[in-house]
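Asks: make a model of this:
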Amino acid sequence: MKLTALASAIALVAASSFAVADVASNLLDPAKMADPAKDPKAAVATMQALMDPSTSMALMQKSMDPATMTKMAQSAMDPRTAMSYMQFTDPAMAMKWMGAGMDPNLYMGMMQPMMNPATSMKWMMAPMDPRMMNMGMQMMNPGTSMNWMMAPMSPANMNLMMAPMNPGMYTGMMGAAMDPRSYGTWGSFMNPATYGGMTNMANPFAMMMPVAAPAK
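Replies: Reported below is the predicted structural model:
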């Protein structure tokens, strides 16, 4: 029984660590950092994760790596990031938040971490956490400073500096602006397929014409 309880505790800690790392990665990705604002349930879950000092430690740990900043800049110039933020014009998202504003579970979910004494205890114990001490030691590590000094000469950063001169980046942005999927339910007004059925209904001759058999 003791071994089973220990295994369950280890599995719970591992699952929690993976969840914290996933939240930290999403918040440092411009293409995904706005996703919690699109869904009230995801927003509450993200806020609860941010109330845990482990999430802040994971964010600090990742931000000390220059490769993280490179990935953020690359993602910021990705058309998928523009599509992600264009979805805030979708009225269905506003209706979802209006409905959530009348749900008591939303308020309780936001207040629960603040009212939980364990949350305050975690923040009080955070300065003595080995992970926090390790980050403090990394700031004095010459290797950390060397990584930042060598970052401008990294091939990934050199390609990043050349990206604004690539016409393909602007073509991709224009494609995202004209893609109906960028606007959620509004996109149906931009999709020609939406009006195809209406055109066929208005044209009785097109409806009566036989469909040719496919060539063999």
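Asks: got the contact list for D103?
Replies: P40 (CB atoms under 8 Å, 6 or more residues apart in numbering). Glycine gets a C-beta too; all of them are placed from N, C-alpha and C.
Asks: would you map the strands across this protein?
Replies: Counting by DSSP state E, the chain forms no strands at all.
Asks: flag the shaky bits of it, pLDDT-wise.
Replies: Residue ranges of the chain with pLDDT under 70: 1-20, 186-216.
Asks: give me the most central residue, it.
Replies: K32 (1.8 Å; CA atoms, centre = their mean).
Asks: and that residue, how far from D22?
Replies: Plainly put, K32 is 10 Å away from D22 if you go by CB to CB, to the nearest Å.
Asks: repeat that for R80.
Replies: From R80 to D22 the distance is 18 Å (CB to CB).
Asks: over to D179?
Replies: 27 Å.
Asks: higher neighbour count, the two?
Replies: D179 (16 against 12; other CB atoms under 10 Å).
Asks: my guess is the more buried one meets M83, correct?
Replies: Yes: with contact defined as CB atoms under 8 Å, D179 reaches M83; the gap is 6.7 Å.
Asks: endpoints of stretch 58-78, how far apart?
Replies: Taking CA to CA, to the nearest Å, stretch 58-78 runs 24 Å from one end to the other.
Asks: would you mark the buried spots in it?
Replies: Across stretch 58-78, burial judged by 16 or more other CB atoms under 10 Å covers 58-59, 61-62, 64, 66, 68-72, 74-75, 77-78.
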